[in-house]
Every structure is written in C-alpha cells, then in structure tokens.
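**Student:** What shape does this take:
(one chain, ligands or ions: 2)
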Amino acid sequence: RRKIIIDTDPGQDDAAALMLAFGSPEEIEVLGVCAVAGNVPLRLTSRNARIVCELARRSDIGVYEGADKPLERPLVTAEHVHGKTGLDGAALDEPKMSVRPQHAVDFIVETLRREEEGTVTLCTLGPLTNIGMALRRAPDIAPRVRELVMMGGGFSEGGNITPAAEFNIFVDPQAADIVFRSGIPIVMMPLDVTHQLMTTKARVARIAAIGTRPARVMVDWLEFFERFDVEKYGSDGGPLHDPTVIAYLLKPELFTGRNCNVEIETNSELTMGMTVVDWWRVSGRTPNARVMRHVDSDGFFDLLTERLARL
Ligand code: BDR
Ligand code: CA
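**Tutor:** Ligands and ions are numbered 1, 2, ... in the order given. Take a look at the predicted model:
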C-alpha cells in the first residue's frame with residue numbers, strides 16, 4: 001500500500017480524486033488531507049474536503065488546514081468554474097467532522113520526518129503553497145519524499161486561467177518554483193493530459209448507473225463542473241483534471257510522457273505561472289519532472305467508475 005498525503009482545494013474534480021483514493025484502500029493509504037486556498041478560500045476548501053470524506057464514510061481521515069493565501073501574491077479563486085462554495089451542484093449538509101488542530105504544513109513536515117524515508121508520496125491537486133511552505137521551513141524533508149504527483153501546468157495548449165498559465169501554478173508560482181527546484185521526483189499531470197479526459201454524457205451515465213449516494217452526488221458535481229466548458233466551448237463534458245494524480249498511482253501504465261526540465265515563470269506579468277517545459281531538451285538543463293502527455297481516456301474512466309462503485 002502506498003502512503004499518500006493529499007493536498008487539495010476542493011473543487012468538484014478534487015472531490016473526484018479524493019473519492020478515487022478512498023475507493024482504492026487496497027493500494028492507497030491516505031495519511032491525511034491538507035486543505036489549501038485555491039478554487040475557493042481556505043474556509044471552504046477545508047469544509048469541502050470534510051464533506052467529501054464524510055460522503056465516502058471516511059470521517060476517520062485527518063483534514064488539516066494550511067495556507068489561506070499564496071506565498072507572495074494575492075489569492076485568485078475560480079468560483080466561475082466551481083461555483084460559490086467550490087462544490088456547487090449537489091446540496092449537502094455541513095460536515096460534522098471537525099478539522100484537526102495541527103496546521104497542514106506542520107502535519108506534512110512531521111509526517112515526512114516520522115515515516116520511513118522514501119515511503120510517503122505527496123499528491124497535490126491545488127496551488128502548491130502548503131508544500132512550498134513546508135520545503136522552506138524544513139528543507140530536510142525533500143529527500144524523504146518518495147514522489148510528488150501533481151496536477152498542474154500545461155505546455156502545448158497554453159493555459160486555462162491566462163493564455164500562458166494553468167490555474168494551480170498561476171495562483172502560487174513562487175511555491176511551484178520551490179517545488180520544481182526541490183530535487184523531489186515529480187510527476188506532472190498538465191492540461192495536455194487532463195483535456196483528454198472529458199466527462200462525456202456516456203461516461204457520466206455509467207457513473208450514474210452505479211446508483212449509490214456517493215455516485216449520485218458525484219454525477220451532480222460533474223454536471224455542474226462541466227457546464228463551464230460546455231457553455232463556453234461547446235464540448236461534450238468538461239476536463240476531469242485532479243483524479244489523474246490518483247489514477248497514476250493505481251495504473252501508471254495509463255499515462256505516457258517524458259522526463260523534462262520544467263521551469264516556472266515568476267517575473268513576467270504576461271506569462272506569470274507559465275510552466276516552461278523543455279520537451280525537446282533544447283536547454284541542456286537537467287530534467288526535474290516526468291511530464292505526462294497522453295492518457296488512455298477510456299481506461300481512466302473505467303478505473304474511476306469501478307472505484308466509485310466500491311464506495
Ligand atoms: C485545476 O484548477 C482547479 O480549478 C481544478 O481543481 C484543477 O486542480 C485545473 O487547472
Ligand atoms: Ca484542484
């Protein structure tokens with residue numbers, strides 16, 4: 001079983017990632033869920049993380065609150081995609097489970113120092129602020145991380161929050177820069193991959209056919225989430241970003257990519273938060289990430305549907 005910490009800003013697609021992890025207890029042990037400000041402010045991402053834990057009947061999981069704003073820049077949120085609460089689409093009760101008193105950054109540092117070196121994987125589904133803070137405060141944790149698998153960035157298609165930048169990296173480029181320079185083995189799931197994972201009507205119908213409450217709520221969330229792309233781009237569904245991170249742990253063979261050097265733009269306002277991916281190895285700089293480019297989309301949705309059915 002792979003030990004993971006999930007750092008997240010739920011978000012309907014973050015919720016799908018959490019549920020994919022909770023539906024895979026044989027392969028994955030979730031040590032804790034850390035909330036960070038991103039899609040919506042921290043107060044709501046923390047609430048939403050707990051709602052998802054309760055929906056999956058995992059209120060035993062520790063939810064920790066981390067940074068309420070990026071390291072250096074003002075917080076940018078994405079209510080235009082996720083709705084006012086971040087989890088619009090299904091009316092759920094306020095969570096009963098409370099947040100753990102420890103700060104998420106302390107939890108990350110302590111856990112990495114406590115667990116055997118090279119056994120804990122960091123899964124990041126939002127801005128990298130908590131991880132950046134942990135690395136700044138405790139650089140000794142970097143070599144202890146087995147791998148950091150992130151949803152973030154994009155290169156061949158440009159960005160989704162500015163023409164150059166993907167949302168998670170754009171919100172906290174300084175934190176992303178710290179992470180990409182940390183020496184931690186990184187697997188990056190960029191928009192190039194997630195845009196191959198559209199929640200088409202047929203795929204959503206298969207999830208609906210599961211018939212359980214978690215599956216029904218997931219369908220309501222996905223139908224809300226996808227309306228942004230359906231209305232704006234006329235696509236059949238929306239791109240399901242964050243579950244790629246968990247799917248990679250379960251079935252890495254679904255994805256193909258290359259080891260590349262990735263640098264983060266932190267200076268130019270025009271291209272702030274751009275992930276400069278050296279796909280063709282023209283820079284001579286040492287690769288610091290495995291950048292994924294293609295995914296077996298039907299295989300991915302088969303896996304997601306199968307695991308949601310286990311909840
Ligand atoms: C990322 O931004 C958020 O809106 C999503 O949850 C995902 O993590 C996609 O750019
Ligand atoms: Ca997210």
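
**Student:** Which residues of the chain lie near ligand 2?
**Tutor:** For the chain, the residues in contact with ligand 2 (CB under 5 Å from the ion) are D9, G11, D14, L125, G126, D242. Heads up, the C-betas are built off the backbone N, CA and C, glycines and all.

**Student:** Just list the residues touching the residue in the stretch 51-200 of the chain positioned nearest to ligand 1, thanks.
**Tutor:** Nearest residue of the stretch 51-200 of the chain to ligand 1 (CB to the nearest ligand atom) works out as F167 at 3.7 Å. With contacts taken as CB atoms under 8 Å, 6 or more residues apart in numbering, F167 has the following neighbours: G38, N39, V76, A78, G159, N160, I161.

**Student:** Find the nearest non-adjacent residue to it, please.
**Tutor:** The shortest distance from F167 to any residue that is not its chain neighbour, by CB to CB, 6 or more residues apart in numbering, is 4.4 Å, and that residue is I161.

**Student:** Could you report the neighbour count for the one you found?
**Tutor:** Look at I161: counted by other CB atoms under 10 Å, it has 18 neighbours.

**Student:** Quick one: residues contacting the residue of the stretch 201-311 of the chain found nearest ligand 2.
**Tutor:** When distances are taken as CB to the ion, the stretch 201-311 of the chain approaches ligand 2 most closely through D242, which lies 4.9 Å from it. By CB under 8 Å, 6+ apart, D242 lies in contact with T8, G11, D13, D14, A16, A17, L125, M151.

**Student:** tell me, what residue is most central in this structure?
**Tutor:** Within the chain, one residue has its C-alpha closest to the average C-alpha position: by CA atoms, centre = their mean, that is L125, at 1.5 Å.

**Student:** That one contacts I5, correct?
**Tutor:** No: with the criterion set as CB atoms under 8 Å, L125 and I5 do not qualify as a contacting pair; they are 11.2 Å apart.

**Student:** which residues sit against the longest helix belonging to the chain?
**Tutor:** Secondary structure of the chain read by DSSP state H shows that its longest helix is helix 213-233. Helix 213-233 is contacted from outside by 12-13, 15-16, 19, 55-56, 80-83, 87-90, 92, 198-199, 204, 207-208, 235-240, 308-309, 311, using CB under 8 Å, 6+ apart.
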